[in-house]
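Asks: I would like to see how this sequence folds:
(chains A, B and C)
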Amino acid sequence: MTDNDDYILQLENVSKFFGTVIALQDVTLRLRRGEVHCLLGDNGAGKSTLIKTLAGVHQPSRGRYLVEGKEEHFTSPREALDDGIATVYQDLALVPLMSVARNFFAGREPMRKLFGLIPVMDIDYAARVSEEKLADMGIHIRSPHQAVGTMSGGERQCLAIARAIHFGAKVLILDEPTAALGVKQSCNVLKLIHTARARGISVIFITHNVHHAYPIGDSFTLLNRGQSMGTFAKQDIAKEALLDMMAGGAEIQGLVAELEGRVAA
Amino acid sequence: MSSTSSPLLRTTSKDPITVQSGAMQSSALQNDERVRRISPWRSFISRPEFGSIAGTLLVFVLFGIFAGHSGMFNLDGVMNWAQVAAYLGIIAVGACLLMIAGEFDLSIGSMIGFAGMMMAVPSMFMGWPMWASVLFAFLGCMALGGLNGYLVMRTRLPSFIVTLAFMFILRGLTLVLSTYFSNSTIVSGVGDKVSSDPVMSTLFQGSTLHGLFVWLAHTGIIDKLPNGEPIVAGMPKVLLWWLLLALGAGFVLSRTRFGNWIFTVGGDSAAAQNVGVPVRRVKISLFVFTAFCACLFGVLQVADVGSAAADRGLQKEFEAIIAAVIGGALLTGGYGSVLGACFGALIFGVVQIGISYTSFDSDWYRVFLGAMLLLAVLFNHYVRLHATRSK
Amino acid sequence: MRTPWISILLVGMLTAVTATAATAASGPHANERYVLISHAADSDVWWNTVKNAIKQAADDFGVQVDYRNPPNGDLADMARLVEQAAARNYDGVAFDIADFDVLAKPAVRVTAKRIPLVTINSGTQQESQKLGAIMHVGQPEYEAGKAAGERAKAAGIASFACVNHNAANAAAFLRCKGFADALGVDARKSMIDTGVDPTVVENKVSAYLRNNPRTQAILALGPNSADPSLLALQRMGLAGKIYFVTFDLSSAIIDGIRKGTINFAIDQQPYLQGYIAIAALAIAHEDSTRDPAAIIAKLKTNAAFQSRLREYALKPVYTDEGVSSGPAFVTKDNVDTVAKYAGQYR
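Replies: Take a look at the predicted model:
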């Protein structure tokens, strides 16, 4: 379990301070290859700071960040991206007015030379490849020139994930992908994560919804008020127990008892 | 846009998404009879330009009815309103690209006047050769455009406000320069100086293809003046510049990587930042381009009219924005087309000068102009809605 | 959808406006069409009189007429309108020479098509001839100033102050110079450059009069200089005591003439500029002539024209070269007729 070679990504005793505010304290997170690791925590637990640290937006104030056993110090998201760590944020970085093809290759446009001289964007390649790659993920679109705005939230999420995978992500960090989705669309996304795992991509799945996390996750880390409350493998813990820990189960029970006691009196 | 009708994605089984192996993928792609192919007509009318093309046809039909016999569609009438459209088209192209990137430049009109003055003052009062003055005007305006862009990006203020400030500053500077050097609001004689410079004259003044038009008059295809000259001496150069600019900008927007960046930046600049598009560089370049277009307008106008004046280009920035919007560009950015903006400029130009060909009292001019514009925009809007609705 | 209804409404409105806009001209000349193009922005009220004048001329001669102007006063747009007038094949074109250089090329388009051209208002006789116009109907600024100066001299005036609110304008300077030459004094020494801000005008006039207490007369070049100057005189208690002459008319000026604080106003009779321009073009077309003398002779005998002159108390100034619209002097004697039609026909 402590064999470093098994881990593609590690945060070892990472703390992050913003002035006097302690956003993260001594958090340890270890991601195995081909594993879906769920990061659970309620709002305000420090998840977004953790994501940004992983993505390279923030640098840890203390502790180590290791990628494939090597210590890394990312100074920009671009560097993390180049290392194969792709983050899909909640806003998805998709432009609704643009077509699927253009969105897919935004910032990484394929080029060709018109008449051998003028560098132009290779739209045909972009259209063909985006349609193919989405089909590989099991998503069929009517036309790669259709605007992303006409897709539903779940479909867009899948597009963002498929894009990250195509561009060579080894680690996929998904920030609350199912937060704004209905049940059916959430299932679509979960199936896509499963597909990604099948292809050998490691996933960090951040959510506050245990019902979504439990079916797909291999291991779980709980975050509360900037601190890790432990990491658990799926076989070692039940869904209810996770729910309890997340919702501050002991506190809720105490509250319920108090209320009932009051009412009775 | 929210998706109200059938979803974009279709799958080939009851489950929302099934994981299929690669071989099955491609055949599924080709043989899924439930995946509709879009007809060529439908994809044509979904383009952003279609509404403005239809609007242009509508305007021509209306003027055909109201002003058909007035000479508006004779060759010299056509050149008359085509020139107005060409001038507006030059700045509309710049404004369109900038609008797609999500910004506005309200200083275009003032920059037109200022460019004229930057060209006139050194050549008339400081003894500079004309080519140097024109170059000075272009470089100066583009530098100002860059400054505009830099300030907008640095301060994160709405471009509306920053460029509004420049609108006043440049208009004031134009007046100051004019009265300081020539004691009046107008600097005359610049046109003659341009004529005496062969390069500048060829580039910016008058018309071209004279020989062709003489031949056309000779063979009777076009009318002649009483003195035997063709009724129109040649193709006005402003039209050629407009064509050149529109083709270049349209190509860049739709076919190049930079064009994709423009759409991305305008559609969602945070997303653009996240995928690695150089947002700052894109926006500042576009401000520089708009300034170039404004300067070109100013220089062409001075060469044509012969003088520079402090009131040139008044309110032209709004006309440029209107032309871009008629052409299908969204005010909020991320969507639009250069071809559409050109048709928008054509509509505007035809309506603006065409009203004088009708028998309307000139007091009704503004009412008519507003009504025609509203009509063109509504038509455009209706057509786009109809076209992008899934059926 | 509501959208098509709005469109239909707009098209219907446009059609209705066109139908009503068609002028009800009938008779043998009903198909003739003329245009007058001015440089003035829509907001310039002075040209209202000219607009009304051309309509009346059109009625009298049984022709149709259009008035065109650049909405913002942009001369480049005005040049475009002159080109457009040529393309529209009007039977005659009239415009004011707001700027000779700007309008020279478009004017060529008009004359190259052998369309008769008349110029009015701004510009000199020489410029008008260079453009190939049949005649120029305006008020020669120097001569107007001089005629006014001679009237003042006859009343015993020997010194004056010229309140120039448009110092950059050549025409304004000529007005002052004419007046000065008639009196035999130096124009530059008598000039106050005030600009158009009324408070500034008032202050500068007061300051000048305080420094030059022996000034016997004030010459204002228009309402922009006359109205504030009157205020300055009132404040100094000099209203009615100092000889006051002004160009053009306004309600304050007419009031001043009535009260006696203004001795007379020099009216360039804009009505005549519009009327005679269209009348001349119509006559030129009818008689197929370009000779200004013949046209004016015909005009003088025209009954409708004469009755308009009587109605509005107008006096054209006939010269060797043609006809000028002014100067006409508005004094206490004829101010009532003028007041009645001020802003519309006077």
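
Asks: ok, now which ones touch B:I347?
Replies: B:52, B:55-56, B:59, B:323, B:326, B:372-373, B:376 (C-beta atoms under 8 Å, 6 or more residues apart in numbering or on different chains). Glycine gets a C-beta too; all of them are placed from N, C-alpha and C.

Asks: Same question for B:T56.
Replies: Residues counted as contacts of B:T56 (C-beta under 8 Å, 6+ apart) are B:343, B:346-347, B:350.

Asks: per-residue pLDDT, the closest residue to chain C within the stretch 251-391 of chain B?
Replies: Taking C-beta to the nearest C-beta as the measure, the stretch 251-391 of chain B has B:Y382 as its residue closest to chain C, at 4.3 Å. We have a pLDDT of 74 for B:Y382.

Asks: that older thread, between the contacts of B:T56, which is closest to B:F63?
Replies: Proximity of the contacts of B:T56 to B:F63 (C-beta to C-beta) peaks at B:V350, which lies at 6.6 Å.

Asks: Report how many residues lie close to that closest one.
Replies: For B:V350, the neighbour count with other C-beta atoms under 10 Å in any protein chain shown is 23.

Asks: Return stretch A:194-207 as PDB; C-alpha atoms alone will do.
Replies: Extracted C-alpha coordinates of stretch A:194-207, given in PDB (Å, rounded to 0.1, in the frame of the first residue of the first chain):
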ATOM      1  CA  HIS A 194     -15.800   4.200 -16.100                       C
ATOM      2  CA  THR A 195     -14.700   4.200 -19.800                       C
ATOM      3  CA  ALA A 196     -11.800   6.500 -19.000                       C
ATOM      4  CA  ARG A 197     -10.700   4.100 -16.200                       C
ATOM      5  CA  ALA A 198     -10.900   1.200 -18.600                       C
ATOM      6  CA  ARG A 199      -8.400   3.000 -20.800                       C
ATOM      7  CA  GLY A 200      -6.000   3.400 -18.000                       C
ATOM      8  CA  ILE A 201      -6.600   7.000 -17.000                       C
ATOM      9  CA  SER A 202      -6.500   7.800 -13.300                       C
ATOM     10  CA  VAL A 203      -9.300  10.000 -12.100                       C
ATOM     11  CA  ILE A 204      -9.800  12.300  -9.100                       C
ATOM     12  CA  PHE A 205     -13.500  12.800  -8.700                       C
ATOM     13  CA  ILE A 206     -14.500  15.700  -6.500                       C
ATOM     14  CA  THR A 207     -18.000  15.800  -5.300                       C
END
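
Asks: so which strand or helix has B:R281?
Replies: For B:R281, the element it lies in under DSSP states H and E is helix B:279-305.

Asks: so after that helix, what's the next helix or strand?
Replies: Downstream of helix B:279-305, the first helix or strand assigned by DSSP H and E is strand B:308-309.

Asks: packing partners for that following strand?
Replies: Where contact means 3 or more C-beta pairs under 8 Å, 6 or more residues apart in numbering or on different chains; DSSP states H and E, strand B:308-309 is packed against helix B:108-125, strand B:186-187.

Asks: Kindly recompute the last result at 7 Å.
Replies: The contact analysis (3 or more C-beta pairs under 7 Å, 6 or more residues apart in numbering or on different chains; DSSP states H and E) places strand B:308-309 against helix B:108-125.

Asks: now check the helix it packs on, is it near chain C?
Replies: No: taking C-beta under 7 Å from any C-beta of the partner chain as the criterion, helix B:108-125 and chain C are apart, separated by no less than 9.7 Å.

Asks: avg pLDDT for the helix holding B:R281?
Replies: Rounded mean pLDDT across helix B:279-305 is 95.

Asks: what's the angle from it to helix B:108-125?
Replies: Calculated by axes from the mean of the first three to the mean of the last three C-alpha atoms, to 10 degrees, helix B:279-305 forms an angle of 50 degrees with helix B:108-125.

Asks: Quick check: buried residues in helix B:279-305?
Replies: Residues of helix B:279-305 classed as buried by neighbour count (16 or more other C-beta atoms under 10 Å in any protein chain shown): B:279-280, B:282-305.

Asks: Which helix or strand contains C:I218?
Replies: Using DSSP H and E, C:I218 sits within strand C:217-220.

Asks: For B:G267, state which of the contacts of B:T56 is nearest.
Replies: So of those, ranked by how close each gets to B:G267 (C-beta to C-beta), first place is B:F343, at 22.6 Å.

Asks: can you confirm the closest one is in a helix?
Replies: Yes: assessed by DSSP: H, G, I helix; E, B strand; the rest coil, B:F343 belongs to a helix.

Asks: tally of neighbours for it?
Replies: Using other C-beta under 10 Å, B:F343 has 30 other residues around it.

Asks: How is the residue in the stretch 201-346 of chain C that chain A sits nearest to classified with respect to secondary structure?
Replies: Residue nearest to chain A within the stretch 201-346 of chain C: C:N224 (53.0 Å; C-beta to the nearest C-beta). For C:N224, the assignment made with three-state DSSP gives helix.

Asks: on that earlier part again, tell me how far the strand holding C:I218 is from the chain's mean position?
Replies: How far strand C:217-220 lies from its chain's middle: 20 Å, per C-alpha atoms, centre = their mean, to the nearest Å.

Asks: From chain B, how far off is A:V21?
Replies: The gap separating A:V21 from chain B is 24 Å, by C-beta to the nearest C-beta, to the nearest Å.

Asks: now that residue: how far from A:S15?
Replies: Using C-beta to C-beta, to the nearest Å, A:V21 is found at 12 Å from A:S15.

Asks: returning to what we had before: mind listing which of the contacts of B:T56 are in helices?
Replies: Assigned to helices by DSSP state H, the following of these qualify: B:343, B:346-347, B:350.

Asks: What is the burial count for the nearest residue to B:G334 once chain neighbours are set aside?
Replies: Distance criterion C-beta to C-beta, 6 or more residues apart in numbering or on different chains; nearest residue to B:G334, sequence neighbours excluded, is B:G267 at 3.3 Å. Residue neighbour count, defined by other C-beta under 10 Å, stands at 28 for B:G267.
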